[in-house]
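*Asks:* predicted structure and sequence below. I'll ask about it afterward.
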Amino acid sequence: MSDEYIDINNYIAVVYTYKTVGISKLYEHYVKDQELLLLKGLVKGEVSVIQTCNRAETYLYTYNKEEFKDFLQKLDEIHGKQISKDAMILKGEDAVRHLFEVASGLDSLAIGEYEILRQLKESIEKSKKLGLSNEKLEFLFKNAIKVGRKIRQQTEISKGKTGIYALAVEYAKHVSNNNMDSVKIAIVGAGEIGNKLALMLKNEGAQNVTIFNRTYEKALEVANRYGFKAEPLDFDKINNYDIVFVAIYYDKKINLLNPRLVIDLSVPQIVLGNNVITLENLRSISEKIMETKISSLQKAEELIQIEIENFKNEIIKYNQNRLISKFMKRIEDIREAEINRAYAEILKHADDKEEIKNIIDKMTNSMLKKIFSPLFETVRKNEDMANYINNIFEILSNGNISNSKTEETKEK
């Protein structure tokens, strides 16, 4: 198949998740932007990466399966160790199904979470901006996001509290007996996770919240957004809070003994102690919630299978449109060339009307031959093509066939 068209078998997913390598090891499989750019040179097709606290996944559209082997080898070289042996490699329809499940929240640490839809959108936008992907992966990701939304509309997979950060806040509410307004809370980290936690705590009525961050200005920016306080990163001060949320990368392990509860969302975990709840603990809570959603999970899987068939049909339409566009472009090129050639001849015989008519006749004949000769030659070699020619003939007949026949022809 030409590189212009989509072949579902060319989609590949290199998957590491909290299920396959564990939360504590997942960060070792993250791919940096500069590494991505190096990897891109080894793949003729397209590359996009999704990296969250749940997963580190690379999606490819490649025309050369041998190049994919080079891709895995280079991936190991960049990381300095053989991480490709930990990967779950999915190809073709399996890769598509997995991405649809990810988009639907079925493969998340917190079943049914919505955050993944935004993450998918940002991932494909980022890869396009870096020049790593184009139409093929964008086509897959857009369909996955559409499927994710449909699954949530048609099942109860996202009913109730969803998302790992929502689970963390719910756990903190339970520990504080739902009196969040009277609890002294610290958020360590002013990045994306810290921002979300601040918003959720604000919505839960928390008032005494302080944002701690290495860069004080960033902490102040988040704090001002929600009416909280800001401090530079200082674990001695943080140790004096009742509840602490941690979401940063830190190269040392620490203890915070005084807080009633520490929820460490960092990957890898940085806070040690019996008062610490980690992503692994939240995972077990999520699994208990999942048990109440078995029927929704089953329905979602059935819907995803239907959507995979729909996706295959969308690929057919995509390829048909590309073929028609290519065909019409060729016709337009022939038409333009013939017009220019005829115009030059007409200028030579501007006063001879009969000759001008003859020139136009030759031009149109030449156009028809150049357009249809390759098609007719193919028909002569392939008897099955004759039915298509009959259909085209009927369509071109217009008013010479009955209305009922016209409708039948349109269907064909």
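*Replies:* Received the coordinates, thanks.

*Asks:* can you tell me how far Lys40 is from Val49?
*Replies:* 11 Å (CB to CB, to the nearest Å). Glycine gets a C-beta too; all of them are placed from N, C-alpha and C.

*Asks:* before we move on, what about Asn258?
*Replies:* For Asn258 relative to Val49 (CB to CB), the value is 39 Å.

*Asks:* looking at those two, which is more packed in?
*Replies:* Applying other CB atoms under 10 Å to Asn258 and Val49 shows that Val49 carries more neighbours, namely 24 against 13.

*Asks:* nearest spatial neighbour of Gly191, chain-adjacent residues omitted?
*Replies:* Once flanking residues are discounted, Gly191 sits nearest to Ala247: 6.7 Å by CB to CB, 6 or more residues apart in numbering.

*Asks:* that neighbour contacts Asn195, correct?
*Replies:* No: look at Ala247 against Asn195 with CB atoms under 8 Å: they stay out of range, at 9.5 Å.

*Asks:* neighbour count for those two, which is higher?
*Replies:* Between Ala247 and Asn195, Ala247 has the larger neighbour count (other CB under 10 Å), namely 24 against 19.

*Asks:* tell me the mean pLDDT over whichever strand or helix holds Ser366?
*Replies:* Element membership for Ser366 (DSSP states H and E) is helix 353-381. Averaging pLDDT along helix 353-381 gives 73.

*Asks:* same thing with stretch 67-75?
*Replies:* Averaged across stretch 67-75, the pLDDT comes to 80.

*Asks:* flag every buried residue along the helix holding Ser366.
*Replies:* Within helix 353-381, the residues that count as buried by 16 or more other CB atoms under 10 Å are 356, 359, 363, 367, 370.

*Asks:* tell me which other helices or strands it touches.
*Replies:* helix 294-348, helix 386-397 (3 or more CB pairs under 8 Å, 6 or more residues apart in numbering; DSSP states H and E).

*Asks:* where exactly do the strands run in the protein?
*Replies:* In the chain, the strands defined using DSSP state E lie at 11-17, 46-51, 55-61, 88-91, 185-188, 209-213, 229-232, 243-246, 254-255, 261-264, 271-272, 276-278.

*Asks:* residues contacting the nearest residue to Ile124 once chain neighbours are set aside?
*Replies:* Nearest non-adjacent residue to Ile124, counting by CB to CB, 6+ apart: Phe141, 4.2 Å away. By CB atoms under 8 Å, 6 or more residues apart in numbering, Phe141 lies in contact with 48, 59, 99, 120-121, 123-124.

*Asks:* just the buried ones out of those residues, please.
*Replies:* Here, 16+ other CB under 10 Å leaves 48, 59, 99, 120, 123-124 buried among the contacts of Phe141.

*Asks:* could you dump the residues you listed to JSON lines with pLDDT and distance to Arg335?
*Replies:* Below are the buried ones among the contacts of Phe141 laid out as JSON lines (pLDDT from 0 to 100; distance: CB to CB, whole Å):
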{"residue": "Ser48", "pLDDT": "93", "distance to Arg335": "39"}
{"residue": "Tyr59", "pLDDT": "95", "distance to Arg335": "40"}
{"residue": "Leu99", "pLDDT": "97", "distance to Arg335": "42"}
{"residue": "Leu120", "pLDDT": "96", "distance to Arg335": "43"}
{"residue": "Ser123", "pLDDT": "94", "distance to Arg335": "42"}
{"residue": "Ile124", "pLDDT": "95", "distance to Arg335": "37"}
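
*Asks:* okay if I get those residues as TSV plus distance to Ile285?
*Replies:* Listed next are these as TSV, based on distance: CB to CB, whole Å:
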residue	distance to Ile285
Ser48	31
Tyr59	29
Leu99	26
Leu120	24
Ser123	27
Ile124	31
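
*Asks:* could you list the low-pLDDT ranges of the stretch 101-250 of the chain?
*Replies:* Scanning the stretch 101-250 of the chain for pLDDT under 70 picks out 161-162.

*Asks:* which stretches of it form helices?
*Replies:* In the stretch 101-250 of the chain, the segments counted as helices under DSSP state H, counting those that start in this stretch are 115-129, 135-154, 164-175, 192-203, 216-226, 235-238.

*Asks:* tell me which of these sits nearest to Ala103.
*Replies:* The closest of those to Ala103 is helix 135-154. By CB to CB, the value is 3.3 Å.

*Asks:* that closest one to strand 46-51, inter-axis angle?
*Replies:* Here helix 135-154 points in a direction 40 degrees away from that of strand 46-51 (axes from the mean of the first three to the mean of the last three CA atoms, to 10 degrees).

*Asks:* buried set for helix 135-154?
*Replies:* Here helix 135-154 shows 136-141, 143-148, 150-152 as buried, counting by 16+ other CB under 10 Å.

*Asks:* Ala206: which of the contacts of Phe141 is nearest?
*Replies:* For the contacts of Phe141, the nearest to Ala206 is Lys121 (29.1 Å; CB to CB).

*Asks:* who touches that closest one in this structure?
*Replies:* Per CB under 8 Å, 6+ apart, neighbours of Lys121: 141, 145.

*Asks:* next: the one 5 residues further on.
*Replies:* By CB under 8 Å, 6+ apart, the contact list for Lys126 reads Ser48.

*Asks:* ok, now the one 10 residues further on?
*Replies:* Under the criterion of CB under 8 Å, 6+ apart, the contact list for Lys136 reads 6, 10, 45-46, 61.

*Asks:* which of the buried residues of helix 353-381 lies closest to Glu307?
*Replies:* Lys370 (42.5 Å).

*Asks:* how much space between the closest residue to Thr62 other than its chain neighbours and Glu4?
*Replies:* With sequence-adjacent residues excluded and distances taken as CB to CB, 6+ apart, Thr62 is closest to Gly45, at 4.2 Å. Distance, Gly45 to Glu4, by CB to CB: 12 Å.
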